[in-house]
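[1] Everything below, folded, please.
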Amino acid sequence: GLLMEKEIQYLQYKFKKPKEPLVLLLGGAKISDKIDVIEKFLVNTKSILIGGGMTFTFLKAMGVNIGKSIVDEQMISTANNIIMKARQNRVKIIFPIDFVVSDSINEPTKIEIVSYDSIPDNMMGLDIGPETIKLFSKILTQSGTILWNGPMGVFEKKEFENGTKSIANLLSEIKDQNIVTIVGGGDSASAIRRFSNIKDISHVSTGGGASLELLSGKTLPAIDALEKI
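    Below is the predicted model of the structure:
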């Protein structure tokens with residue numbers, strides 16, 4: 001009903017001519033979940049900010065030591081292709097410049113903030129660091145439309161929530177700056193509800209994976225059927 005109408009309005013129609021500049025902020029663990037959206041917007045996006053676990057697949061593709069951080073070995077070549085296409089299309093892909101790292105997710109005995117290229121071999125990146133938060137925040141506040149999908153770290157753990165929490169707070173704070181803020185479903189929507197005020201966001205999708213399909217230009221069977229009536 002009305003909820004689906006709003007989803008289509010924001011995720012399909014508004015992205016045909018988004019308010020410029022359009023900035024994508026993508027996180028989460030897997031590149032495979034975001035590949036179609038990245039491919040779709042490699043043409044008309046000014047910047048793509050990458051955070052979360054998927055960062056380390058990109059960094060490994062670029063030859064950076066990532067310690068024990070999560071990596072999707074099967075997506076390394078895909079990450080390289082994305083980087084090359086972005087360069088060809090003059091789209092900036094911006095990666096974290098520092099991380100919060102630890103020896104464990106569930107029972108950390110040591111937590112440090114290190115540069116992106118200084119992750120110790122026995123530690124893993126679990127959140128973006130304070131300098132990255134500043135960098136991402138500066139870019140986001142200068143945008144016209146923001147699409148955020150995917151957390152910046154393991155925000156379920158208090159020790160590693162700050163990156164995601166800071167982004168959620170920022171999107172709430174810029175509500176009066178005439179910036180369109182759209183949050184994809186799943187963990188990002190949960191983060192907004194947990195750390196911020198959902199009413200301050202232009203649109204928070206409840207569609208989960210379906211929202212990503214809409215954004216990537218795919219046709220959903222139910223919507224397709226309705227449009228033919």
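
[2] all contacts plus neighbour counts: C-alpha atoms, from now on.
    Fine.

[3] which residues does Asp72 contact?
    Listed by Cα atoms under 8 Å, 6 or more residues apart in numbering, the contact set of Asp72 reads 30-31, 54, 57.

[4] Buried ones only from those residues, please, as a ChimeraX command.
    Buried residues among those (16 or more other Cα atoms under 10 Å), as a ChimeraX selection:
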select :30,31,54,57
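
[5] Serialize the contacts of Asp72 to CSV and add fields for pLDDT and distance to Ser202.
    Converted to CSV, the contacts of Asp72 look like this (pLDDT from 0 to 100; distance: Cα to Cα, whole Å):
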residue, pLDDT, distance to Ser202
Lys30, 86, 26
Ile31, 90, 26
Met54, 95, 26
Thr57, 96, 31
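
[6] Would you indicate which residues of stretch 179-196 are buried?
    Neighbour counts using 16+ other Cα under 10 Å place 179-189, 191-192, 195-196 of stretch 179-196 among the buried residues.

[7] Let's see it as CSV, backbone CA atoms only.
    Only the C-alpha atoms of stretch 179-196 are listed here, as CSV (Å, rounded to 0.1, in the frame of the first residue of the first chain):
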residue,chain,number,x,y,z
ILE,A,179,20.2,16.8,2.0
VAL,A,180,18.2,13.7,0.9
THR,A,181,19.1,10.9,3.2
ILE,A,182,18.1,7.3,2.3
VAL,A,183,18.9,4.3,4.4
GLY,A,184,18.8,0.8,3.0
GLY,A,185,17.1,-1.9,5.1
GLY,A,186,18.5,-4.5,7.4
ASP,A,187,21.4,-3.6,9.7
SER,A,188,21.5,0.1,8.6
ALA,A,189,17.9,0.6,9.5
SER,A,190,18.5,-1.2,12.9
ALA,A,191,21.4,1.2,13.5
ILE,A,192,19.3,4.3,12.8
ARG,A,193,16.6,3.0,15.2
ARG,A,194,19.2,2.2,17.9
PHE,A,195,21.4,5.3,17.7
SER,A,196,19.4,8.0,16.1
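
[8] Show me the contact partners of the host helix or strand of Leu135.
    In this structure, Leu135 is located in helix 130-141 according to DSSP states H and E. Contact partners of helix 130-141, identified using Cα under 8 Å, 6+ apart, comprise 23, 49, 96-99, 146, 163, 166-167, 170, 174.
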